[in-house]
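Engineer: The following block contains a protein sequence and its predicted model.
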Amino acid sequence: MNNKGHLIKSVAPESIAEELEIEAGDRLLQINEKEIKDVFDYHYAVNDEYLVILIQKPDGEEWELEIEKEYEEDLGIEFEEGLMDSYRSCRNNCMFCFIDQMPPGMRETLYFKDDDARLSFLQGNYITLTNMSEEDIDRIIFYKLSPINISIHTTNKELRCRMLHNRFAGEALDKIKRLYDAGITMNGQIVLCKGVNDGEELERSIHDLAAYIPHMQSVSIVPVGITKYRDNLIKLEKFEKEDALNVLGIIHRWQDILYKEYQTRFIHASDEWYITAGLPIPEADSYEGYLQIENGVGMVRSLVDEFKEYYENIKGDNRTKSVTLATGVLAAPILKSLMEEIHIKYPNIRITVYTIINEFFGTDITVAGLLTGQDIMNQLKGKELGDYLILPDVLLRDGENVLLDDITVDDMKNALQTQIRIVQSDGKSLINAVVN
Ligand code: SF4
């Protein structure tokens, strides 16, 4: 038997698919007599109120099923391949690519350089538009796929070619205009490299991108991550405090200009800039709905505000326990100050916050999400960890119990001889993890 169609991984309980006795292991061959190319086609095709779908059972038998349903009601099918097609890899060789700066010997999938518009739509990944044909753009427009997250880096075409090491990277920017004209919602990202696309180049990029307001709804500025594995790569420098102050100066000035003209701040600095500059994190309002929180823009403000809101309604008591938290260099001072607050209402809870230095990638990598199991185990070994150790969930890969270096939570438990609680990065979960 051949492998036509798309293999079904699971069927949601009480879904239309379950009612029709579609099962894991079946294959979807057609919808309304058309083959389905990928997840975009599928989402579009299943919206209709009346469908005829062709399913192939594992023994080769084909079932034609008629479905009447509400418009946009989902069938409840999950496919083995998330995109229902192979993943599209990037055609760039960016000077700041994090994947090129990873040590050898890590899990194969971590080296995959995706640049796939379908992942942008489904998971919020950022794409460079450099591997997309005009037909690909047509499909986004036809299917009205929004938002599309775009890695812009600079609007200077010649500089973009250099940064992405791709001679088509400059002209790829013209596709933004097509998406804008079609009313597709977009978010942009600029990975800032010192002495490359900062300063006047950054001013120019912000100025140019403002022309795409309102369909481009936000642009984030994030500092380049520099690991210790850059031996054969272009030299890049870390942003110091003074640099961060300059970058924030540019961003804040543009925020004021754009707010007056368009009632949106549009351009947003990731949290790292404020922490490096030693400036207070802006208030929630200025993040305008936290559109790029997954990109580290407003994560700290959101955590602190949620913490305070939940904390206000807690009475506290005299329960006695001893708890340890571990996190990266960037978040440690914030967590320490939040833990001091908990201590006021729960004076008998002893809370220790350990800052884990990233020896694996290099000490310039300070975010918790890039910490490895080895660093945590090495740096906490022999320490008094109290009743249990709390770790942030951003350490774990894709909802699995495993860290970047394949060390599992159980490995750490055994090595450190302590219970471990993984906590979501929100204020309420944090308080509960410490107190209860
Ligand atoms: S597009 Fe992304 S994955 Fe590809 S080289 Fe650039 S940074 Fe790396």
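Structural biologist: Right, received. Where do you want to start? Numbers count the residues shown, from 1 in each chain.
Engineer: for stretch 408-422, which positions count as buried?
Structural biologist: V409, D411, M412, A415, L416, T418, I420, R421, I422 (16 or more other Cβ atoms under 10 Å). To be clear about C-beta, it is placed using only N, CA and C from the backbone, and glycine gets the same treatment.
Engineer: what about that stretch, start to end distance?
Structural biologist: The first and last residues of stretch 408-422 sit 12 Å apart, counting by Cα to Cα, to the nearest Å.
Engineer: what's in contact with it?
Structural biologist: Residues from elsewhere that reach stretch 408-422 (Cβ atoms under 8 Å, 6 or more residues apart in numbering): 324, 373, 376-377, 380-381, 385-393, 395-396, 401-403, 433.
Engineer: Just the buried ones from the residues you listed?
Structural biologist: In the contacts of stretch 408-422, the ones that pass as buried (16+ other Cβ under 10 Å) are 324, 373, 376-377, 380, 385-386, 388-392, 395-396, 402-403, 433.
Engineer: among those residues, which are in helices?
Structural biologist: Secondary-structure check on these using DSSP state H: residues within helices are G373, I376, M377, L380, A433.
Engineer: Let me know the closest of the residues you listed to the ligand.
Structural biologist: The shortest gap between the ligand and any of these belongs to G373, at 24.1 Å (Cβ to the nearest ligand atom).
Engineer: Might you report the residue contacts of the closest one?
Structural biologist: By Cβ under 8 Å, 6+ apart, the neighbours of G373 are L403, L404, D405, D406, I407, T408, D411, M412.
Engineer: now V247
Structural biologist: Remark: with contacts taken as Cβ under 8 Å, 6+ apart, V247 is in contact with L192, D198, L202, I221, P223, F239, A269, W273.
Engineer: Tell me how many other residues crowd the first one.
Structural biologist: Using other Cβ atoms under 10 Å as the criterion, L192 is surrounded by 24 other residues.
Engineer: correct me, but it touches G225?
Structural biologist: No. Because the distance of 11.0 Å does not satisfy Cβ atoms under 8 Å, L192 is recorded as not touching G225.
Engineer: Tell me the spacing between I137 and S205.
Structural biologist: For I137, the distance to S205 (Cβ to Cβ, to the nearest Å) stands at 21 Å.
Engineer: Among the two, which residue is more densely surrounded?
Structural biologist: S205 (25 against 20).
Engineer: Need the nearest residue in space to that one, chain neighbours excluded.
Structural biologist: Distances taken as Cβ to Cβ, 6 or more residues apart in numbering place T155 nearest to S205, at 4.6 Å, with adjacent residues excluded.
Engineer: Tell me the secondary structure of that neighbour, please.
Structural biologist: Following DSSP: H, G, I helix; E, B strand; the rest coil, the label given to T155 is coil.
Engineer: Tell me the pLDDT of it.
Structural biologist: With respect to pLDDT, T155 scores 98.
Engineer: Who are the contact partners of it?
Structural biologist: Taking Cβ under 8 Å, 6+ apart as the contact definition, T155 lies against L173, R204, S205, D208, L209.
Engineer: Leaving out sequence neighbours, find the closest residue to the residue positioned nearest the centre of the chain.
Structural biologist: Most central in the chain under Cα atoms, centre = their mean is E294, positioned 4.4 Å from the mean C-alpha point. Distance criterion Cβ to Cβ, 6+ apart; nearest residue to E294, sequence neighbours excluded, is G124 at 5.8 Å.
Engineer: Show residues contacting the one helix or strand S10 maps to.
Structural biologist: Element membership for S10 (DSSP states H and E) is strand 6-11. Counting by Cβ under 8 Å, 6+ apart, the neighbours of strand 6-11 from elsewhere in the structure are 17-18, 22-28, 36, 42, 76-81, 84.
Engineer: can you tell me which of those are in strands?
Structural biologist: Among those, the subset assigned to strands under DSSP state E consists of R27, L28, I77, E78, F79.
Engineer: nearest to the ligand, of those residues?
Structural biologist: For the ones in strands among the contacts of strand 6-11, the residue nearest the ligand by Cβ to the nearest ligand atom is F79; the value is 24.4 Å.
Engineer: residues in contact with Q217?
Structural biologist: Neighbouring residues of Q217 by Cβ under 8 Å, 6+ apart: P147, T185, M186, N187, T264, F266, L291.
Engineer: With secondary structure added, can I get those in JSON lines?
Structural biologist: Formatted as JSON lines, the entries for the contacts of Q217 read as follows, by three-state DSSP:
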{"residue": "P147", "secondary structure": "coil"}
{"residue": "T185", "secondary structure": "coil"}
{"residue": "M186", "secondary structure": "strand"}
{"residue": "N187", "secondary structure": "strand"}
{"residue": "T264", "secondary structure": "coil"}
{"residue": "F266", "secondary structure": "coil"}
{"residue": "L291", "secondary structure": "coil"}
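Engineer: The ligand: which of these is nearest?
Structural biologist: Taking Cβ to the nearest ligand atom as the measure, the ligand sits nearest to N187 out of the contacts of Q217, at 15.9 Å.
Engineer: Enumerate every residue touching the closest one.
Structural biologist: For N187, the set of contacting residues under the criterion of Cβ under 8 Å, 6+ apart consists of P147, I148, N149, I150, M216, Q217, S218, V219, S220, L291, Q292.
Engineer: how about these, which pair is most distant?
Structural biologist: The most widely separated members of those are I148 and S220, with 14.5 Å between them, by Cβ to Cβ.
Engineer: Give me every residue in the stretch 101-250 of the chain lying close to the ligand.
Structural biologist: Proximity of the stretch 101-250 of the chain to the ligand, by Cβ under 6 Å from any ligand atom, involves residues K113, D115, T128.
Engineer: Got the phi and psi for the first one?
Structural biologist: I take that to be K113. Per-residue torsions, K113: phi -100, psi 90 (degrees, to the nearest 10).
Engineer: can you pull the contacts of it?
Structural biologist: S89, C90, N92, C97, I99.
Engineer: try it again with 6 Å
Structural biologist: The contact partners of K113, taken as Cβ atoms under 6 Å, 6 or more residues apart in numbering, are S89, C90, I99.
Engineer: Go ahead and confirm Y262 touches I213.
Structural biologist: Yes. When contacts are counted by Cβ atoms under 6 Å, Y262 is listed as touching I213 (4.9 Å).
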